[in-house]
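Trainee: can't give you the sequence, but here's the structure:
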């Protein structure tokens, strides 16, 4: 199966296919440079590939689709889902940022109390 046949099946023209291959090549070059310039090592190659697959698929989907305008109810429903999702992400971020600091303060205060008792 040739690449032009695959490209036609998914609705890609030759220019889009070349651009996609150039983006993947650039990503591979940047990842290779990162590992060359740091002490990081790859323990599981698939975990290195997964994010790029999802990012590229997401960008491709956004650029290649044109959603139909929805009615007012659908837009309000979409907005409410987006706001709810944002609030959940915000709550997780706050828990991830605030909880370690609270725990750190508790540990420091316990250590200070221990030093006061000892000293």
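Mentor: Nice, I can see it. Remember, predicted model here, so these are calculated numbers, not experimental data.
Trainee: Report the mean confidence score over stretch 66-75.
Mentor: Taken as a whole, stretch 66-75 has a mean pLDDT of 88.
Trainee: Now do it: everything it contacts.
Mentor: Applying C-beta atoms under 8 Å, 6 or more residues apart in numbering, the external contacts of stretch 66-75 come out as residue 78. C-beta: built from backbone N, CA, C; applies to glycine.
Trainee: How far off centre is that stretch?
Mentor: 26 Å (C-alpha atoms, centre = their mean, to the nearest Å).
Trainee: and what of stretch 46-53?
Mentor: Distance, centroid of stretch 46-53 to centroid of chain: 10 Å (C-alpha atoms, centre = their mean).
Trainee: And for stretch 68-78?
Mentor: 26 Å.
Trainee: How about stretch 20-27?
Mentor: Centroid separation between stretch 20-27 and its chain, computed with C-alpha atoms, centre = their mean, is 18 Å.
Trainee: buried set for it?
Mentor: Along stretch 20-27, no position meets the burial threshold by neighbour count (16 or more other C-beta atoms under 10 Å).
Trainee: Please work out the average pLDDT along it.
Mentor: The model assigns stretch 20-27 a mean pLDDT of 94.
Trainee: what's that stretch in contact with?
Mentor: 12, 52, 56, 60.
Trainee: Which of these fall in helices?
Mentor: Within these, residues falling in helices by DSSP state H are 52, 56, 60.
Trainee: Just the closest of the contacts of stretch 20-27 to residue 39, please.
Mentor: Checking those against residue 39 by C-beta to C-beta gives residue 52 as the nearest, at 21.6 Å.
Trainee: Following the record's annotation, map out the domains of the chain.
Mentor: 1-66, 71-119 (automatic domain parsing).
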